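> Provided below for reference: sequence and predicted model.
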Amino acid sequence: MRKLIVCNLMSLDGYYEGPGKNVMALFEYRRESYPLDESFDVYNAERLRAADTLLLGRTSYDGFKGYWPPVAEDPTATPVQREISRLNSAIDKVVISDSLTSDQTHPWPNTHILRRTGAHEQIDELKRQSGKDLLVFGSRTLWRDLLANGLVDELHLMIAPVVLGTGTPVFDGKPAPSLRLIESRTWEGSGIVLVRYEVHL
């Protein structure tokens with residue numbers, strides 16, 4: 001059975017994004033404290049190599065589709081960013097949305113749309129198929145729902161060295177399933193701490 005792995009960046013004080021849904025606030029640490037830190041990109045590339053399906057909500061899909069496809073040919077991008085762009089284009093993408101249409105998926109190939117009704121059953125079926133990991137980037141609304149419904153196997157949280165004070169919390173106070181720490185990791189020259197949890201229902 002394939003694992004469904006959620007991988008997200010969060011602030012030290014527990015926010016998924018800053019005020020006004022500003023995700024880039026999480027990367028403020030790169031400006032002064034760690035301008036050469038590539039740990040976030042390095043770990044995302046590692047996870048993409050171990051997966052063959054990327055699950056996304058509509059908002060994250062639109063953001064990723066608008067950003068990543070041209071990066072593969074961008075000479076100013078780092079090698080790992082260009083690799084992420086190629087991996088994102090090649091991987092099967094499953095978007096849970098009631099509004100996305102197939103003509104809105106260009107220029108990202110390999111995109112499949114699941115409607116919300118019956119999505120849990122279809123994702124459970126995907127997990128039962130042979131293959132590599134199923135991966136969720138971003139998509140907080142989606143993965144919180146999947147976590148609450150027993151479909152998430154591992155939660156990988158990358159804690160950035162920023163304190164936002166306000167924004168969208170990673171967790172909203174609902175009881176969480178039991179989590180067992182299976183790894184913590186740091187990178188030389190980085191302020192990020194990775195914590196990997198196995199989900200127990």
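Done, it's in. Residues are numbered from 1 along each chain as shown.
> State the distance from the most centrally placed residue in the chain to residue 68.
Among the residues of the chain, the one closest to the centroid is residue 137, at 1.2 Å (Cα atoms, centre = their mean). Distance from residue 137 to residue 68, counting by Cβ to Cβ, to the nearest Å: 10 Å. C-betas here are computed from N, CA, C, even on glycine.
> about what we covered before: tell me which residues form a beta bridge with the residue nearest to the centre of the chain?
In this entry, residue 137 is beta-bridged to residue 7, by DSSP bridges.
> re the thing from before, and for residue 137 and residue 68, which residues touch both?
Residues touching both residue 137 and residue 68 (Cβ atoms under 8 Å, 6 or more residues apart in numbering): none.
> and residue 138, what does it touch?
Residues counted as contacts of residue 138 (Cβ under 8 Å, 6+ apart) are 8, 23, 56, 57, 59, 60, 63, 64.
> Go ahead and confirm the fourth one touches residue 96.
Same thing as residue 57. Yes - assessed by Cβ atoms under 8 Å, residue 57 is found in contact with residue 96 at 6.0 Å.
> the more surrounded of these two?
When residue 57 is set against residue 96 and neighbours are counted by other Cβ atoms under 10 Å, the residue ahead is residue 96, at 23 against 20.
> picking up where we left off before, now list whatever residues contact both of residue 57 and residue 96.
Common neighbours of residue 57 and residue 96 (Cβ under 8 Å, 6+ apart) are residue 142.
> Please compute how far stretch 24-44 lies from its chain's middle.
If you compare the mean C-alpha spot of stretch 24-44 with that of the full chain, they lie 16 Å apart, counting by Cα atoms, centre = their mean, to the nearest Å.
> what does it rub up against?
Outside of stretch 24-44, the residues within contact range by Cβ under 8 Å, 6+ apart are 7, 9-11, 15, 17-19, 78, 80-81, 84, 137, 156, 158, 160-162, 164, 167, 187, 189-192, 194.
> Among those residues, filter down to the buried ones and hand me the ChimeraX syntax, if you would.
Those of the contacts of stretch 24-44 that meet the burial criterion (16 or more other Cβ atoms under 10 Å) are gathered into one ChimeraX selection, given here:
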select :7,9,10,11,15,17,18,80,81,84,137,156,158,160,161,162,164,167,187,190,191,192,194
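> Can you list the residue ranges for helices in this protein?
Taking DSSP state H as the test, the helices found in the chain are 39-49, 58-67, 79-90, 119-128, 140-148.
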